[in-house]
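Undergrad: Generate a structure from the sequence data that follows.
(one chain, ligands or ions: 1)
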Amino acid sequence: MNTILQGISSEVVINSNGPVVIIGECINPTRRKKLVSTLQEGSFDYVLELAESQIKAMADVLDVNVGFPGVDDVKLLPAAVLAIRDKFDIPLCLDSPNPKAIEAALKVAGGKCLINSVNGEEKSMNSLLPIAKEYGAAIIGLTMDDDGITHDPEKRLAIAEKILKRAVKAGIKEEDVIIDPLAMAVSADPMACVVTLETIRLVHQKLGMNITQGASNISFGLPDREILNAAFMSLSILYGLTCPIANPEKITAAVRATDLIMGRDDYAVRFLENFQVTNR
Ligand code: THG
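TA: Residues are numbered from 1 along each chain as shown. Next up is the predicted model:
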């Protein structure tokens, strides 16, 4: 299955059998004080710096999240999108819990964006699926619903199926739904990663859909996060992860290595390309 995202004239194809597409996570104020302070000053210079460094590190898509306490993201998200659009031709993943901010950003973004995110709650599906249809966007469906987060992979699969069914009913194409199996901190729950991996395996095998996840979530609260994230990334890709949201400066090498090992990188072209870029 192919999910196609578009910038202004660029196009990224996410195939459910790989190779892996990287959604750069760094435009996100979580733990980035400088991003909050520059945005508060009305400057997008740092946003653009983060966009450029992630593109250099092989990001294929950029996640854009400008949410922090007290912000009006109905104004700020579209403004950030316009600033990025002005300089870079890359598909965007619009990351906000506020459907009004998502819609405002879709109005100005052009291309074909990814909405981050819809979940299985009635309120979420009812508000966001019509917006995705209207603007021709793809969606990320988080495998949680009105009953909260389940630790049963079969139940997460059932939520993925529910979101897919409802999206298709709303007029969205099947291939424009990407599933997030929910990656959570393994420091808080020893089985967290196992549950996520099994969910990935089920969604890949039974539904053949594209799969994303916030790949650095799992290492919150632990030291040596990079090695944990890389190990989890490889296993997730083996099971069917195709478009992680991650820091490309830290994860591209592991992603390209895994694709090569899985026979998806003839003559190691993409592995070597990244090696050359990072060792320049
Ligand atoms: N699923 C979906 N969307 C998501 C997430 C998900 N969006 C947000 C988040 N999770 C993924 N994005 C981030 C962004 C930053 C960090 C983690 C996840 C992060 N930042 C560093 C830190 O906390 O130490 C700071 C910056 C750095 O060193 O790179 O970890 O799960 N659909």
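Undergrad: do you know how far the residue minimising distance to the centre of the chain is from the ligand?
TA: Closest to where the C-alpha atoms of the chain average out (Cα atoms, centre = their mean) is residue 245, at 4.0 Å. Remark: distance between residue 245 and the ligand (Cβ to the nearest ligand atom, to the nearest Å) = 5 Å. For the C-beta atoms, the positions are set from N, CA and C on the backbone; glycine is no exception.
Undergrad: Then residue 114?
TA: For residue 114, the distance to the ligand equals 9 Å [Cβ to the nearest ligand atom].
Undergrad: Which residue comes closest to that residue once chain neighbours are left out?
TA: Spatial nearest neighbour of residue 114, chain neighbours left out: residue 93 (4.2 Å); criterion: Cβ to Cβ, 6 or more residues apart in numbering.
Undergrad: For residue 155, pull up the helix or strand it's in.
TA: helix 153-169 (DSSP states H and E).
Undergrad: Could I get the average pLDDT for the helix or strand harbouring the residue nearest to residue 114?
TA: Using DSSP H and E, residue 93 maps to strand 92-95. The predicted model assigns strand 92-95 a mean pLDDT of 98.
Undergrad: and what of stretch 31-45?
TA: The pLDDT scores in stretch 31-45 average 96.
Undergrad: Who are the packing partners of the helix holding residue 155?
TA: strand 114-119, helix 122-135, strand 138-142, strand 177-180, helix 192-202 (3 or more Cβ pairs under 8 Å, 6 or more residues apart in numbering; DSSP states H and E).
Undergrad: Between strand 114-119 and the third one, find me the angle.
TA: What it means is strand 138-142. With axes from the mean of the first three to the mean of the last three Cα atoms, to 10 degrees applied, the angle from strand 138-142 to strand 114-119 works out at 30 degrees.
Undergrad: Pairing partners for strand 138-142, with directions?
TA: Sheet pairing of strand 138-142 (DSSP bridges) gives strand 114-119 (parallel), strand 177-180 (parallel).
Undergrad: Phi first, then psi, for the closest residue to the ligand within the chain.
TA: For the chain, the residue closest to the ligand is residue 214, as judged by Cβ to the nearest ligand atom, at 2.3 Å. Dihedral pair for residue 214: phi -80, psi 100, per degrees, to the nearest 10.
Undergrad: Now do the contacts for the residue nearest to it when sequence neighbours are not counted.
TA: With sequence-adjacent residues excluded and distances taken as Cβ to Cβ, 6+ apart, residue 214 is closest to residue 245, at 5.0 Å. Listed by Cβ atoms under 8 Å, 6 or more residues apart in numbering, the contact set of residue 245 reads 23, 24, 25, 63, 93, 116, 212, 213, 214, 215.
Undergrad: Give me the buried entries from the residues you listed.
TA: Buried members of the contacts of residue 245, scored by 16 or more other Cβ atoms under 10 Å, are 23, 24, 25, 63, 93, 116, 212, 213, 214, 215.
Undergrad: who in the protein is up against the ligand?
TA: Counting by Cβ under 6 Å from any ligand atom, the positions of the chain adjacent to the ligand are 25-26, 28, 30-32, 95, 116-117, 140, 180, 183, 212-214, 216-217, 245, 247.
Undergrad: returning to that earlier point: tell me which residues in the helix holding residue 155 are buried?
TA: Neighbour counts over helix 153-169 (16+ other Cβ under 10 Å) mark 153, 155, 156, 157, 158, 159, 160, 161, 163, 164, 166, 167 as buried.
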